[in-house]
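In: one predicted model, sequence on top.
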Amino acid sequence: MLNLTISEFLGSLSHQVDLPIVAAGGSLKKVVRAMVKGHRRSIVYVVDSSGKLKGTISLSDLKDIIFRYYLDARVKDSLVVTEHIEELFSSENAEDVMDDCPVSCHKHEKLHDVIVRMIEHDITHIPLIDMEGRVISDLDILDLLELWLKKGEEIF
């Protein structure tokens, strides 16, 4: 099973999910909307105008960026916190907060090799990009857990 290519593996999944993609200049509100759409995503892929992968924004990073004001002991007024969040949403964009060194994979790669890369980089999502660098799909840890449930732990 681990000798499957990424393309073969993704084709065998029981679901198809809309990719959470946002343009580099997209607002943080657009990032949040892309992430909560479908309630299954904990990452957003940031792309340039031609659809090429520029970076990623994880749910953990987004949480830290948006809610850091709640943790600031100096801020006691919820109105002030709300104003900070509104200011952040209007002034920051996806490119400002993204991780600009994303790990990716290609459809011809073996599932085993991609899992190793995910473990080495401690990531739970990896975008599948085409030869031009455009995001065409992704693989996440939930996909691998689904495989484990179907086929058993011996496949790993």
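Out: Looks like it came in fine.
In: residues in contact with the nearest residue to Ile43 once chain neighbours are set aside?
Out: With Cβ to Cβ, 6 or more residues apart in numbering as the criterion, Ile43 has its nearest non-adjacent residue at 4.4 Å, and that residue is His125. Every residue, glycine included, has its C-beta placed from N, CA and C. His125 sits next to 42-43, 56, 58, 138-141 when contact means Cβ atoms under 8 Å, 6 or more residues apart in numbering.
In: what does Phe9 give?
Out: Per Cβ under 8 Å, 6+ apart, neighbours of Phe9: 111, 139, 143, 147.
In: could I get these as JSON lines with secondary structure, neighbour count and distance to Gln16?
Out: Formatted as JSON lines, the contacts of Phe9 follow (DSSP: H, G, I helix; E, B strand; the rest coil; neighbours: other Cβ atoms under 10 Å; distance: Cβ to Cβ, whole Å):
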{"residue": "Leu111", "secondary structure": "helix", "neighbour count": "23", "distance to Gln16": "18"}
{"residue": "Leu139", "secondary structure": "strand", "neighbour count": "21", "distance to Gln16": "13"}
{"residue": "Asp143", "secondary structure": "helix", "neighbour count": "19", "distance to Gln16": "11"}
{"residue": "Leu147", "secondary structure": "helix", "neighbour count": "19", "distance to Gln16": "16"}
